[in-house]
Each structure stands twice: as structure tokens, then as C-alpha cells.
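J.: Got a sequence here, can you model it:
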Amino acid sequence: MKPEMLDRLHRFRQKALAHGVPAAEVERWLAAARPCATLTPHGDGPVVGRFGGPAALPAGHPAVPPRTYLIASLDLAALPGDATTLPLPPDGGLLLFARSYDQGMDAGGEAVYVPAGTPVVERDLESGHSPDDPWALLDRPSSPGDEILRLTYDVSLPDNESLYDRAAHPHARQLRDAWQDVRREDGRHGPHFQLDGYTQDPYGETDMLTASAWMAANRSGEPPRFEDWALLVQWYGGRYVDGDVYWTIDRHDAARRRFGEVTVLGFFEGPP
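T.: Coordinates of the predicted model:
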């Protein structure tokens with residue numbers, strides 16, 4: 001792991017011990033750490049994408065449904081290969097779209113992979129919503145400095161009650177509190193994107209990878225394969241809507257560049 005990742009885990013260890021968690025239990029929790037990448041306008045790494053902007057889609061791509069927005073576009077050639085465990089293509093662009101339902105309280109969307117060299121056409125996205133829809137705020141232009149997304153190497157720990165054995169982790173609440181302390185120190189409570197790692201919801205109750213596996217199982221009629229699912233991107237919205245959007249994918253689909261199979265889920269508490 002990168003030094004900055006090890007530093008975060010060390011600070012977590014110190015805080016968890018200060019919360020009274022036995023050392024052996026802390027180390028069991030640390031064993032579940034997963035590498036990830038954080039994207040923000042003010043990160044310390046390379047520029048790997050941009051927030052919002054025009055939707056440059058391949059010529060002949062189907063029309064984007066109403067109330068759909070381009071949330072971010074990623075330059076996969078600029079994304080270091082060791083930043084995530086995801087089997088992503090080495091180049092090309094990845095466009096992340098989301099749309100709201102039920103007055104912004106639910107979400108859908110898609111991910112579109114654009115191979116390098118593909119002719120593209122900028123599309124106008126029809127909003128299809130009333131001016132007071134919270135997603136209408138995405139029409140507001142950002143300053144140039146807010147549009148770029150820089151990468152920071154990161155690490156994530158489980159922060160969801162469905163992901164751990166209560167018997168093995170009787171101090172889970174203190175462990176999660178310690179991790180939240182580290183996240184707040186590092187500014188992870190504000191709007192940002194996360195690639196790979198664990199998903200998070202505000203209450204720590206719903207693991208979106210588990211939900212995606214069950215949804216896929218219901219479609220196929222086969223047992224869920226929880227180990228196959230990965231977090232492609234989580235958008236910690238905040239600045240535009242009071243909630244998060246999750247793009248999840250089966251690792252086999254990612255390796256085959258079948259990004260049309262992405263599942264998009266949302267967790268919203270209401271308009272900002």
C-alpha cells in the first residue's frame with residue numbers, strides 16, 4: 001500500500017485503541033481493508049476526469065432518457081493502474097450518467113465506455129423536470145477549478161452493519177466511529193467520488209454491492225455471487241442533492257468492457 005494509505009490505517013488503529021477496542025479485534029478489522037481511489041477537484045494526484053460538462057457520446061448512441069445528467073467523465077488512460085483493483089480498460093473514456101425518479105428520491109443511470117479514437121458527438125441532455133426539481137441544480141455551471149477531478153490514493157474499511165460478524169466484532173460501533181473520525185479529518189465528508197472499495201450509506205445499513213448481487217440474481221434466477229460485485233464509482237453528492245449515487249458492476253462484465261451492465265442505485269434523504 002502507498003504511504004498515505006498506511007498512514008490512514010495507522011491513525012484508525014490509534015483511534016480504535018483509544019476507544020477501548022482490543023488490539024486483536026482492531027487487527028481483524030484492518031485485515032478487511034480495501035484499496036480505492038478518491039477523486040476531488042483539489043486532490044494531490046493527476047487529473048483523471050471532470051465533473052459534469054457536455055456529454056460526448058459515440059455517433060449513433062441511443063438518445064439519453066429525460067432527466068438524465070452526465071455526472072462525471074473519466075479518462076482511463078490517466079488513471080494509474082494500481083489505483084484500484086478494478087479490471088478497467090487501459091484507455092478510452094468512461095461516462096457516468098444518473099437520473100432521478102420520484103422527485104429526486106431515487107436514481108437510475110448508466111455508464112458508457114467510449115474506446116479511444118471513437119468518433120463522438122456532443123449531445124444536449126433534455127432535463128424533463130420542473131425548475132424546483134433538486135436535480136435541476138446540476139444545470140448550474142461550475143467554476144473551471146471545480147470541473148476537474150484529481151486522484152488521491154485511498155483505502156476503505158467496512159462501515160456497514162451487514163458486512164461483519166457481530167460475534168467476532170463486539171466493538172463494531174467503536175471501530176466504525178474511529179473510521180468516521182479519520183474520514184472527517186481527511187475531508188471525506190464533502191462532495192467527492194470514490195472508485196473501488198466499500199460502499200457507504202449515511203446510516204451504515206445497506207451495502208450496495210450486496211443489493212446489486214441480489215438484483216442480478218433475481219434477473220438471472222441463479223444464486224447471488226456476492227464476491228463478483230465491485231464498486232465502480234460512488235458519488236458523494238452533497239453539493240447538488242442530499243445523498244449518494246452508486247455505479248456497481250460485476251467484475252467479469254468490467255473485464256469484458258460490458259459497462260452497459262452497470263447497476264445504478266441511489267440513496268437520498270431529500271432535496272438540499
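J.: What residue, apart from its backbone neighbours, is nearest Leu79 spatially?
T.: In space, not counting the residues next to it along the chain, Leu79 is nearest to Val48; the distance is 4.9 Å by C-beta to C-beta, 6 or more residues apart in numbering. Quick note: C-beta positions are derived from backbone N, CA and C, even for glycine.
J.: Do I have it right that the one you found meets Ala77?
T.: No. Under the contact definition of C-beta atoms under 8 Å, Val48 does not touch Ala77, with a separation of 9.1 Å.
J.: Those two: who's more crowded?
T.: More crowded of Val48 and Ala77, by other C-beta atoms under 10 Å: Val48, with 24 against 12.
J.: How about the secondary structure of the residue nearest to Leu79?
T.: Val48 carries the three-state label strand when classified by DSSP: H, G, I helix; E, B strand; the rest coil.
J.: For Thr152, see how far away it is.
T.: The gap separating Val48 from Thr152 is 10 Å, by C-beta to C-beta, to the nearest Å.
J.: Please apply the same query to Leu96.
T.: If you go by C-beta to C-beta, the gap between Leu96 and Thr152 works out to 18 Å.
J.: Now Leu153: closest residue in space, sequence neighbours ignored.
T.: To be clear, residue 153 is Tyr; Leu isn't right here. Taking C-beta to C-beta, 6+ apart, and ignoring the residues beside it in sequence, Tyr153 has Lys2 as its nearest neighbour in space, at 4.4 Å.
J.: Hmm, the one you found is touching Leu151, no?
T.: No. Taking C-beta under 8 Å as the contact criterion, Lys2 and Leu151 are not neighbours in contact, 11.4 Å apart.
J.: hmm, back to that, now do the shared contacts for Val48 and Thr152.
T.: Counting by C-beta atoms under 8 Å, 6 or more residues apart in numbering, the common neighbours of Val48 and Thr152 are Leu39.
J.: Report pLDDT for Asp139.
T.: Here, the pLDDT recorded for Asp139 equals 48.
J.: Geometric centre of the protein: which residue is closest?
T.: For the chain, the residue nearest the mean C-alpha position is Gln234 (1.4 Å; C-alpha atoms, centre = their mean).
J.: Bridged to it, which residues?
T.: Assessed by DSSP bridges, Gln234 has beta-bridge partners Gln194, Tyr246.
J.: what sits against it?
T.: Residues touching Gln234, when contacts are defined by C-beta under 8 Å, 6+ apart, comprise 193-194, 199-200, 208, 244-247.
J.: pLDDT at it, what is it?
T.: We note a pLDDT of 94 for Gln234 in this prediction.
J.: one step back: so for Leu96 and Thr152, which sits in the more crowded spot?
T.: Leu96 (25 against 20).
J.: do you know how far that one is from Val26?
T.: With distances taken as C-beta to C-beta, Leu96 is found 35 Å from Val26.
J.: can you check Thr118 too?
T.: Taking C-beta to C-beta as the measure, Thr118 falls 48 Å from Val26.
J.: out of Lys2 and Leu151, which sits in the more crowded spot?
T.: Under the neighbour definition other C-beta under 10 Å, Lys2 and Leu151 were set side by side, and Leu151 has more, 24 against 14.
J.: So that one, which state does it fall into?
T.: Three-state call for Leu151 (three-state DSSP): strand.
J.: what number of residues lie near the residue nearest to it when sequence neighbours are not counted?
T.: The shortest distance from Leu151 to any non-neighbouring residue, by C-beta to C-beta, 6+ apart, is to Gly45 (3.9 Å). Counted with other C-beta under 10 Å, the burial measure for Gly45 works out to 19 neighbours.
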